[in-house]
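S.K.: fold the following and give me the result.
(one chain, ligands or ions: 1)
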Amino acid sequence: MKIDIRNVTKRFGDFTALNGVDLEVKSGELVALLGPSGSGKTTLLRIIAGLEWPDTGHVMFDGTDALSRSVRERHVGFVFQHYALFRHMSVFENIAFGLRVRPRRQRLSEEKIRQKVDELLDLVQLKWLADRYPSQLSGGQRQRIALARALAIEPRVLLLDEPFGALDAKVRKELRRWLRSLHEDIHVTSVFVTHDQEEALEVADRVVVMDKGRIEQVGAPEDVHDRPATAFVHEFIGESLMLPITVQDQRVHVEGRPLSIDPQGAANGAARLFVRPHEIDVVAADGATLTGVVKRVHGLGAARRVEVLLSAPETLVEIDTPRNLPVEVGATIGLKPQRYRIFADPH
Ligand code: ATP
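M.R.: Residues are numbered from 1 along each chain as shown. As a prediction, this is how the structure comes out:
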């Protein structure tokens, strides 16, 4: 099912939690809402669910108004960070719950319920746990059962709010791979809230980067990482080396001194130059854009992390260099960005 969110604004008293949000989630897509704490991710998810109503704007499910429908009428499945499994019910009964509470006319026979729960247990690969109680499961198993329970009602939309947030890093990593492959099997339209960029980039078809109640960028994981649309996205996703600059008549200056780079059409005024640590080369001093002194060299594997104290502006930056490049602590080196992006400062 396709979700259309149009110009949604939500205030809590004087505070604007969502500010003119437009988003389209395609049918069968898994979209991640990614942003810092307080950016409005959960509020947007709750509005899609029908647990919260916007002050202005529209939410459409397959082209029809969703706001006039209750949570139940929207056919959404939920998975939250803190597994809401019923403690006094077995795994089997937890998954069967949504099927048993259906209106009488839609209720399935006991045999059909058993068959359906078996299929779901197969899907989440936990058939052997059917008779256990939630307290006898690991955190990761509980979240997989919570997902099976959410899927039992055959939701038109699956909403996941930091579903792996309470788990340790290793289990979290396993579960996000598992969720990705599960999604490739079932293709239910899904919205996944996280503040963990690695998780969003790995799990989602598209990532929605949010800040202060607004959408900063929507794109495939490689788009938001390699082609950030705003300074916020550049700093929030991946690592950045940032220098405050000024642009004047198609010339770039840093601390009043000219910097030999193309301003890429940036308007006159204060701006910021962003480079990823792997997008900068070590070069001879005469061809360098910036110079600095090597402070520390570390890192394993093919790339090496080098900390350089730039002379102007006096800033410590980190760059990645190939292992075979000789770089010594204390040496003065030249740097030249191969790729970079310039964003004007907001007025
Ligand atoms: P987190 O990652 O911390 O969960 P989030 O991006 O999901 O953050 P929201 O939970 O959507 O953020 O909250 C957005 C803002 O709205 C926050 O500043 C929060 O304090 C505020 N907010 C949310 N719900 C309410 C409410 N019921 N009453 C007042 N303020 C609220």
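
S.K.: enumerate every residue touching the residue in the stretch 151-300 of the chain that the ligand sits nearest to.
M.R.: Closest residue of the stretch 151-300 of the chain to the ligand, CB to the nearest ligand atom: residue 195 (4.8 Å). No exception for glycine: its C-beta is placed from N, CA and C like everyone else's. Counting by CB atoms under 8 Å, 6 or more residues apart in numbering, residue 195 touches 34, 35, 36, 37, 41, 162.

S.K.: do I have it right that the third one meets residue 233?
M.R.: No: the pair residue 36 / residue 233 is not scored as a contact, 11.9 Å apart, by CB atoms under 8 Å.

S.K.: neighbour count: those two, which is higher?
M.R.: Neighbour tally, residue 36 and residue 233, criterion other CB atoms under 10 Å: the higher count belongs to residue 233, 23 against 12.

S.K.: and the more buried one, that's in a helix?
M.R.: Yes: assignment of residue 233 by DSSP: H, G, I helix; E, B strand; the rest coil places it within a helix.

S.K.: skipping adjacent residues, who's closest to residue 131 in space?
M.R.: Among residues not flanking residue 131 along the chain, residue 90 sits closest, at 5.5 Å (CB to CB, 6 or more residues apart in numbering).

S.K.: ok, that neighbour to residue 150 distance?
M.R.: Going from residue 90 to residue 150 by CB to CB, to the nearest Å gives 17 Å.

S.K.: over to residue 230: give its phi and psi.
M.R.: phi -140, psi 160 (degrees, to the nearest 10).

S.K.: now residue 198
M.R.: Per degrees, to the nearest 10, the backbone of residue 198 is at phi -60, psi -40.

S.K.: okay, now it: neighbour count?
M.R.: Residue 198, neighbours per other CB under 10 Å, totals 14.

S.K.: same question, the one 5 residues further on
M.R.: By other CB under 10 Å, the residues close to residue 203 number 24.

S.K.: equivalent analysis for residue 267, please.
M.R.: Around residue 267 there are 9 other residues, counting by other CB under 10 Å.

S.K.: which residues are in contact with it?
M.R.: 247, 344.

S.K.: name the SS class of it, please.
M.R.: coil.

S.K.: show me which residues of the longest helix seen in the chain are buried.
M.R.: Criterion DSSP state H: the longest helix present in the chain is helix 169-186. Within helix 169-186, the residues that count as buried by 16 or more other CB atoms under 10 Å are 171, 172, 175, 176, 178, 179, 182, 183.

S.K.: contact partners for residue 206?
M.R.: Residues in contact with residue 206 (CB under 8 Å, 6+ apart) are 29, 31, 32, 218, 219, 220, 221.

S.K.: check contacts around the closest residue to residue 43 other than its chain neighbours.
M.R.: Of all residues not flanking residue 43 in the chain, residue 17 sits nearest, at 4.6 Å (CB to CB, 6+ apart). Contacts for residue 17 (CB under 8 Å, 6+ apart) come out as 10, 11, 40, 43, 213.

S.K.: likewise residue 259?
M.R.: 245, 252, 253, 273, 289, 290.

S.K.: ditto for residue 232
M.R.: With contact taken as CB under 8 Å, 6+ apart, residue 232 is in contact with 209, 211, 216.

S.K.: that's a strand at the last one, yeah?
M.R.: Yes: when classified by three-state DSSP, residue 216 is found to be part of a strand.

S.K.: ok, it to residue 346 distance?
M.R.: 12 Å.

S.K.: and for the first one?
M.R.: With the distance defined as CB to CB, residue 209 ends up 17 Å from residue 346.

S.K.: more neighbours: which of those two?
M.R.: Using other CB under 10 Å as the criterion, residue 209 and residue 346 rank with residue 209 on top: 25 against 7.

S.K.: for the more buried one, give its distance to residue 62.
M.R.: The spacing between residue 209 and residue 62, counted by CB to CB, is 26 Å.

S.K.: one more: residue 274?
M.R.: 39 Å.

S.K.: residue 34 now?
M.R.: According to CB to CB, residue 34 stands 25 Å off from residue 62.

S.K.: show me which of the two is the more surrounded one.
M.R.: Neighbours were counted for residue 34 and for residue 62 using other CB under 10 Å; residue 34 has more, 29 against 12.

S.K.: you'd agree the more buried one is up against residue 211?
M.R.: No: assessed by CB under 8 Å, residue 34 is found out of contact with residue 211, at 9.9 Å.

S.K.: in contact with the nearest residue to residue 171 once chain neighbours are set aside, which residues?
M.R.: Leaving out its chain neighbours, the residue that sits closest to residue 171 by CB to CB, 6+ apart is residue 140, at 4.3 Å. Neighbour list for residue 140: 167, 171, 174, 175 [criterion: CB under 8 Å, 6+ apart].

S.K.: so who does the residue of the chain positioned farthest from its centre touch?
M.R.: Distance from the centre of the chain peaks at residue 286, with 41.4 Å (CA atoms, centre = their mean). When contacts are counted by CB under 8 Å, 6+ apart, residue 286 is found next to residue 334.

S.K.: let me know the pLDDT of it.
M.R.: pLDDT recorded at residue 286 is 82.

S.K.: assign a three-state SS to it, would you?
M.R.: Note that with three-state DSSP, the state of residue 286 is helix.

S.K.: if I look at it, how far off is residue 309?
M.R.: Residue 286 is 20 Å from residue 309, by CB to CB.
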